[in-house]
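In: Here is the input, now give the coordinates:
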Amino acid sequence: MPQDYERHTVDHNLELLSLLGKKPTLSKQELQIFLSAADLKWAESFLEAHNLGRRKLLGVHVGSGKTKNLALKRWPLRGYIELLGTVRRYWPDLGILLFGGPDEVSELEQILAAHPSPLVVRVPSRTLREAAALMRRCNAFLSVDTVHMHLAAAVKTPRQIVIEAPTLNKTNEPYGNPYTLVKNPAIAGRNLEYYRYDGRGIKGTHEELTRCMESVTVESVYAAINAALSGKPQA
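Out: Numbers count the residues shown, from 1 in each chain. The predicted structure is shown next:
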């Protein structure tokens, strides 16, 4: 099947049905993840244990995969640390949930050390389903394009916010869930010049890609979060 970078990967996959002489029967497609009663109970128990059940919640995933050079699409850790300082100053009653797996342990520990508070909590989910069950309870969710971004889209997390990285394009944006894009001025619409599905990494040196992600300011990300938590229309 021909590649079309103006269409989502989900729609490309559905086109494979035509090779079997079939076509989708639904007029609208959605991502789904099936959560068990145990997954939902785990999420509720976690919130109750941390006294977060009645608070507004911001979910944050600071990481990304590390295959090839994809770790270079992460927004700088110091940006997250400064951002959460601003968020906590203007939204002092907000609960902040830090998502991530073993690859993000070091980063999460540094954030927790910079923000020692019972309202800033690491999510110790054992499975992606447990993480997704907790994302359902978030009022907003922030990440670059990662598996956690797609989980948030699958459970229809409201007010999803995505920091633009070189790997983001129409093929892998949150599918079927409205989101606010924090634009990266260094990319300026040249996403496909940086990354295509050719088995290679992101084009550019370590220094170039680091500067690319550093070009996204704390102020621009906070503006998106503030608008989300305030209930303003999504950009």
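In: switch to C-alpha atoms for all contacts and neighbour counts from now on
Out: OK.
In: buried residues in stretch 112-131?
Out: For stretch 112-131, a neighbour-count test (16 or more other Cα atoms under 10 Å) marks 112, 115, 119-123, 125, 128-131 as buried.
In: contacting residues around it?
Out: 33-35, 39-40, 42-43, 50, 52, 81, 84-85, 93-100, 108, 151 (Cα atoms under 8 Å, 6 or more residues apart in numbering).
In: repeat for stretch 225-235
Out: With contact meaning Cα under 8 Å, 6+ apart, stretch 225-235 is reached by 87, 139-140, 159, 161, 178-181.
In: and of these, the nearest to residue 28?
Out: Taking Cα to Cα as the measure, residue 178 is the one of the contacts of stretch 225-235 closest to residue 28, at 14.6 Å.
In: Now the phi/psi pair for that closest one, please.
Out: Main-chain torsions, residue 178, degrees, to the nearest 10: phi -60, psi 140.
In: Tell me the pLDDT of it.
Out: Here the pLDDT value assigned to residue 178 is 95.
In: residues touching it, list them.
Out: Residue 178 makes contact with 158-160, 234 under the criterion Cα under 8 Å, 6+ apart.
In: give me that answer again for 7 Å
Out: residue 160 (Cα atoms under 7 Å, 6 or more residues apart in numbering).
In: what's the farthest-apart pair in the contacts of stretch 225-235?
Out: Top of the distance list for the contacts of stretch 225-235 (Cα to Cα): 87 and 178, 22.1 Å.
In: Give me the buried subset of the contacts of stretch 112-131.
Out: 39-40, 42-43, 52, 81, 84, 94-100, 108, 151.
In: quick one: the strands in the chain?
Out: Here the chain has its strands, by DSSP state E, at 57-61, 95-99, 120-122, 140-143, 160-163, 179-182.
In: helices or strands up against the first one?
Out: Pointing back at strand 57-61 there. If you count contacts as 3 or more Cα pairs under 7 Å, 6 or more residues apart in numbering; DSSP states H and E, strand 57-61 packs onto strand 95-99, strand 140-143.
In: Show me the shaky parts of this protein.
Out: By pLDDT under 70, the weakly predicted segments of the chain are 235.
In: So which of the contacts of stretch 225-235 is the closest to residue 196?
Out: Out of the contacts of stretch 225-235, the member with the shortest distance to residue 196 (by Cα to Cα) is residue 181, at 19.9 Å.
In: For residue 115, grab phi and psi.
Out: With angles defined as degrees, to the nearest 10, residue 115 sits at phi -130, psi 70.
In: From residue 176, how far out is it?
Out: Noted for residue 115: a distance of 34 Å to residue 176, by Cα to Cα, to the nearest Å.
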